[in-house]
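*Asks:* Prediction below, plus the sequence it came from.
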Amino acid sequence: MKLLEVKSLTKQFGGLRAVSAFDLSIEEGEIFGLIGPNGAGKSTLFNCVAGVYPPSGGDVLFSGKSISGQKPWNLCKRGLARTFQIVKPFASRSVLYNVMVGSFATTGKSAAAERKAREVLAFLHLDKKTEILAGNLTIADRKRLEIARALATEPRLLLLDEVMAGLRPTEVDEMVAIIRTIRKNGITVFVIEHIMRAIMALSDRIAVIHFGQKIAEGTPAEVASDKNVIKAYLGEEYAVS
Amino acid sequence: MITILEDTINGILMGSIYGLMALGLTVIFGVLKVINFAHGSLLMVGMYVAYWAVQLTGLHPYLALILVVPVMYLFGYYLQDIVIKPIYKAEKQVREPITVIIVTTGVWYILDNLSLLVFTPQYRSLPDNPLRGKMIEIGSMLISVPKLWGAVTAVLTAAAIYWFLQKTRMGRAIRATSLDREAASLMGIRQYSIYNITFGIGTAAAGVAGVTIVPFFNVFPTVGVLFDIKCFIIVVLGGLGSIGGAILGGIIIGIIESVGPQFMAATWTEAIVYGLFLIFLFVRPSGLFGVKYDW
Amino acid sequence: MPFLEVKEIDVYYGDMQVIFGLSLNVEEGEVVSIIGGNGAGKSTLLRTISGLMSSKRGEILFEGAPISRSEPADIVERGIIQVPEGRRLFTLMSIKDNLAVGAYSRRAEADAEKTLKEVYALMPRLQERENQVAITLSGGEQQMVAIGRGIMAKPKLLMLDEPSLGLAPILIKDIFETVRKIADQGTTVLLVEQDVMHSLRLSDRGYVLEHGRIVMEGPAKQLLEDPHVKTAYLGL
Amino acid sequence: MTRERIQIFFLIAAAGGALGLPLVITSPTYLHILILLFFYAYLTTSWNLVGGFAGVLPLGHSTFVGIGAYTSTILSLQYGISPWIGMIIGGVLAAIAGVVIGMPTFKMRGAYFALATIAFAEGFRVMVENIDYLGPFFLNGPRGLQIPPLNVGLANFMFTGKSPYYYIILVMLAAVLILTYAISRSKLGYQLVAGGEEPEAAAALGINVARAKLIAMAMSSFLTALAGTFYARFTLFIHPKSAMSLDLSFEIAFIALIGGRGSIAGPVLGALLLRPVGDFSRIYFGDKLPGLHLIIFGVVLILVMIYQPRGLQEPLTRAYHRLLDRLSGKIEK
């Protein structure tokens, strides 16, 4: 079943068309990757799906129903959670507090929220750091905290915005493993990523965006050998060689 | 009919003076991105400086500008340097740090009550200044001479500041800092000394306003409170950071205040002004001028 | 003695380390590229050299003098000029005023008129539109103004942070040609880029930056041939 | 003895001390000062629900004091309705006003929000000053309302001595503190903190930030209005320049900011530290040095903002925890 469908989505900022007539569909249980050079429109597309911007044209469907123009908090309640490229922890509060904010999305009871939060923290190997202030975490832990908060809202679809940026190679590998387990637990994952190695290893399918348009889509192997993709990333000379 | 015309003219004159009062507030906001809650107190200090300058030297009130402007400039310069700068350094990442509002409120309380201690609550007015109570008669209309001079000064001051910001090297550096602090510092502009200078200019403008008011208005320690909320309203009306907007906003308030009482109890006009202010805050927080800043 | 020498610096963003024991050199008259993906620490490195951020450890020397504790304005006075990522023009000022602010520093001010002529000779389009407000320009034109503003400051060392960012391929070519001309006129250039191909072609030497560390360095030609560069940027 | 036990012991000691104080302090002046101290602690704690937890800077809370004071006073003077009932009605009216003010203003940026709350408060005060009769209700414009000291008794919220007022405000303060504590641990508390600190992230986690803030505003203005009734019954005279003044709004915000917004202890600590400074400098220097306490307030405010931006509660809490550690360690040995 198609969990997320993006139909001919367009987003215009003043005179700039950041995303134009973009189509995309993600099956339930998939890990889907979106890549593209800096400034290609990845984040804009992502933010349109996540309800930050209303699209200028086209439609977004979540499990068959249109969600375009919905506010982020409503999307979260429907089962669509996201992380931020620039992590936004509630810095003055503990790790546990941060995750409880997420788990309160599905419960009104503090005890239940705490139980859920501790579960998620254990899953992400943050259970030894529950009392540390979020502002004092390392970047790798902050990225995990960001995922933990999103998971605590019990999503069906998880949007991950560059969760590997700034991580060291070993940390990237750990993150890949975590995302695989998340999928195994039945959550569909939509990743934007810059680190090619990771996204190639992780995704079932990948779409490539360049100047707001889709220039390729397919399995990692298909995308990596696509002429348009090589040109977009490395310049024409590489494509010839 | 004649009375309404007379009231309108007097409203425009007084309104221009209001605009002059608000000028410093808008200049400081334009660069530091902060609403200086102590602005009314700076006006009060300006009025006292003007008052004493005239009292002690016997100068014509307007000649006192020679003293008032530099004194107030230095006062503002060091106030920013000593009291407000530490907050900016602590909150570098924040574009419009709310803590600065709190600190300037502290400055307001200190200045008002210090002047209460030093000058006592006594109301003071310049005894026989050459402008006192003078009126021009045009037909059957009476126009206040000190307000006329005040309005002229307001327009000239606004024009001078505008010219300075547009045409001089320092003015361009101030505008650059207002638009992008970091990019400006990559051009060799020292952000904090620009802040000091801007605060100095804003305070000096409050001093000029003080000079224009003193000939027809009493000076007392809490006189700033009468004007500061009016100044906030004016700058929001005209567009925060806009120099032309400050004068225009002042004129609007001036007209409402002087023509309004023809139709209703004078105190109701005050309520109308607040209502207008709130409408602007909600509907058009960038003020009358569409662009965010006109410089 | 190298022109610019960065010695073993550690840089933190808040309490998060972004640069780890990084060293590099730039010789006078060279064009040097630093390439690396998003979040590798490229911008942080330039911001540290410019004095917008400070290093917790290590040292930065320019013409032999330590500058790691200097204010940005003092570093500008020494002749290190950065053209920041995303242009960062003074949006509501005219092109002419943007360029004038470029010559704010004392060492640039005296020659401002002469430099302005040079900038206009290099990028004639800017002269045609000198009274236009910066915010109304296209991305490519804005980048030209940003570079022009940098030249107005009379740089000894010009640092460019991703000048190709968000520009169409045809404009990217223009921008790199302009950088080429600037370098040919004798200005030392330190270029930070994701556009590996264009930037390395233009450069004498290059460094590859990953996760806050230099992982490779060498003559630009050699890096262009290197399989790791391909792997790092395409995941092939 | 464990830390928890010591804490409970401290709590009981503080409660016992507070309950017993009127027995020790017989001077009506000092008791008056204490009552006002608790009154301010109550107001700042109520303010803290929006000003602290929701992370905005409201500077017009005296409006709600005024609504509470006027509502219960008019109802009791003109309709013979018990002030206790008027107190609740005033609270409800204030909560409605709070929501009406909050709806458009919570979308604004920080400085504009502060200005808008000032404008609302001042506009409201000016209106009351201009109105003698609001429909059937007699407001008496700028002259305000006098409450004749008749019908002494609990039902009429009127007493001859000061100590009943002391106990009433003490109970109110305790209640608002317990409420704040409960909110800070509830879903709403988490939502407010999250929304105040990182609104975008909060929205992505399913929080309707604007709605959470409105709920907090409604609660805060309701509670603030209750204090308005207390103020009216305690002073027996209200007029716009006292009950709705900008000075009162600012003092509430100042005390909370100096004490430490967003924490439970902060506003109370602020009142404990600053009110006596104000009162005693007024008593001893009021003639010679008028306004001295306000200068002190201003200086303290600036120093706190520069050196302890989270307020005085932060170092004090740290010291308190060290004390707890030392006590529990010593006694265990």
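*Replies:* That came through, no problem. Numbers count the residues shown, from 1 in each chain, chains lettered A, B, ... in the order given.

*Asks:* need the contact list for residue 180.
*Replies:* In the absence of a named chain, this looks at chain A. Taking CB atoms under 8 Å, 6 or more residues apart in numbering or on different chains as the criterion, A:Arg180 is in contact with A:31, A:202. Bear in mind the C-beta positions are built from the backbone N, C-alpha and C, glycine included.

*Asks:* think we crossed wires, I meant chain C
*Replies:* In this structure, C:Arg180 makes contact with C:Leu202, judged by CB under 8 Å, 6+ apart.

*Asks:* Which helix or strand contains it?
*Replies:* Taking DSSP states H and E as the criterion, C:Arg180 maps to helix C:169-184.

*Asks:* So what's the gap between that helix and the chain middle?
*Replies:* The chain centroid and the centroid of helix C:169-184 are separated by 13 Å under CA atoms, centre = their mean, to the nearest Å.

*Asks:* buried sites along it?
*Replies:* The neighbour-count check on helix C:169-184 (16 or more other CB atoms under 10 Å in any protein chain shown) flags C:171-172, C:174-176, C:178-179, C:182-183 as buried.

*Asks:* Residues of chain D that sit close to chain B?
*Replies:* D:57, D:104-105, D:108-112, D:114-116, D:118-120, D:122-123, D:126-127, D:129-130, D:250, D:254, D:257, D:289-292, D:294-295, D:297-299, D:301-302, D:305-306, D:309 (CB under 8 Å from any CB of the partner chain).

*Asks:* quick one: the residue of the stretch 1-150 of chain D at minimum distance from chain C from chain A, how far?
*Replies:* Distances from the stretch 1-150 of chain D to chain C, computed as CB to the nearest CB, single out D:Arg109 as the nearest residue at 18.8 Å. In this view, D:Arg109 and chain A are 18 Å apart by CB to the nearest CB, to the nearest Å.

*Asks:* and that residue, how many neighbours does it have?
*Replies:* Neighbourhood size, D:Arg109 [other CB atoms under 10 Å in any protein chain shown]: 11.

*Asks:* Going by residue numbers, what spans are helices in chain A?
*Replies:* Per DSSP state H, chain A carries helices over the ranges A:42-49, A:72-78, A:95-103, A:110-123, A:139-152, A:169-184, A:196-202, A:220-224, A:227-234, A:236-240.

*Asks:* Out of those helices, which one sits most buried?
*Replies:* Mean neighbour count (mean count of other CB atoms under 10 Å in any protein chain shown) peaks for helix A:95-103 among the helices of chain A, with a mean of 27.

*Asks:* Who are the packing partners of that one?
*Replies:* If you count contacts as 3 or more CB pairs under 8 Å, 6 or more residues apart in numbering or on different chains; DSSP states H and E, helix A:95-103 packs onto helix A:110-123, helix A:139-152, helix D:187-197.

*Asks:* Okay, buried residues for the one helix or strand D:Leu274 maps to please.
*Replies:* Using DSSP H and E, D:Leu274 maps to helix D:265-285. By neighbour count, with 16+ other CB under 10 Å as the criterion, the buried positions of helix D:265-285 are D:265-272, D:274-275, D:278-279, D:281-282.

*Asks:* sorry, back to before: need the helices of chain A in CSV (columns: distance to C:Glu5 and mean pLDDT).
*Replies:* Rendered in CSV, the data for those read as follows (distance: least, CB to CB, whole Å; pLDDT from 0 to 100):
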stretch, distance to C:Glu5, mean pLDDT
helix A:42-49, 37, 89
helix A:72-78, 48, 93
helix A:95-103, 41, 96
helix A:110-123, 45, 95
helix A:139-152, 28, 92
helix A:169-184, 28, 90
helix A:196-202, 32, 82
helix A:220-224, 39, 87
helix A:227-234, 31, 74
helix A:236-240, 33, 46
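
*Asks:* Just put those helices in JSON lines and tack on distance to B:Leu42.
*Replies:* Output for the helices of chain A, formatted as JSON lines (distance: least, CB to CB, whole Å):
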{"stretch": "helix A:42-49", "distance to B:Leu42": "43"}
{"stretch": "helix A:72-78", "distance to B:Leu42": "43"}
{"stretch": "helix A:95-103", "distance to B:Leu42": "42"}
{"stretch": "helix A:110-123", "distance to B:Leu42": "49"}
{"stretch": "helix A:139-152", "distance to B:Leu42": "43"}
{"stretch": "helix A:169-184", "distance to B:Leu42": "53"}
{"stretch": "helix A:196-202", "distance to B:Leu42": "57"}
{"stretch": "helix A:220-224", "distance to B:Leu42": "63"}
{"stretch": "helix A:227-234", "distance to B:Leu42": "57"}
{"stretch": "helix A:236-240", "distance to B:Leu42": "62"}
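
*Asks:* Is it possible to get the helices and strands packed on helix A:95-103 out as CSV so that each row also shows distance to B:Val31?
*Replies:* Putting the helices and strands packed on helix A:95-103 into CSV (distance: least, CB to CB, whole Å) gives the following:
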stretch, distance to B:Val31
helix A:110-123, 45
helix A:139-152, 34
helix D:187-197, 28
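
*Asks:* remind me which residues of chain C are low pLDDT?
*Replies:* Filtered on pLDDT under 70, chain C yields the residue ranges C:15, C:38, C:230-236.

*Asks:* 80 instead, please
*Replies:* Across chain C, the ranges flagged by pLDDT under 80 are C:14-16, C:37-39, C:166-170, C:195, C:228-236.

*Asks:* Nearest to the middle of it, which residue? Look it up for me.
*Replies:* Compute the mean C-alpha point of chain C, and by CA atoms, centre = their mean the closest residue is C:Leu160, 1.7 Å away.

*Asks:* now the helix or strand B:Thr177 falls within, how far from the centre of its chain.
*Replies:* Assigned by DSSP H and E, B:Thr177 falls within helix B:169-179. What separates the centre of helix B:169-179 from the centre of its chain is 20 Å, taken as CA atoms, centre = their mean.

*Asks:* Are that helix and chain C in contact anywhere?
*Replies:* Yes: Helix B:169-179 comes into contact with chain C (CB under 8 Å from any CB), by way of B:169, B:172-173, B:175-176, B:179.

*Asks:* which residues touch the closest residue to C:Ile172 other than its chain neighbours?
*Replies:* Leaving aside its chain neighbours, C:Ile172 sits nearest to C:Ser164 (4.4 Å; criterion: CB to CB, 6 or more residues apart in numbering or on different chains). The contact partners of C:Ser164, taken as CB under 8 Å, 6+ apart, are C:172, C:175-176, C:193-195, C:198-199.

*Asks:* Looking at the helix holding D:Leu274 now, give me its mean pLDDT.
*Replies:* Computed over helix D:265-285, the mean pLDDT rounds to 88.

*Asks:* ok, and what's touching that helix?
*Replies:* Here helix D:265-285 makes contact (CB under 8 Å, 6+ apart) with D:29, D:33, D:36-38, D:40-41, D:44-45, D:47-48, D:52, D:173, D:177, D:254-261, D:289, D:292-294, D:296-297, D:300, D:311-313, D:316-317.
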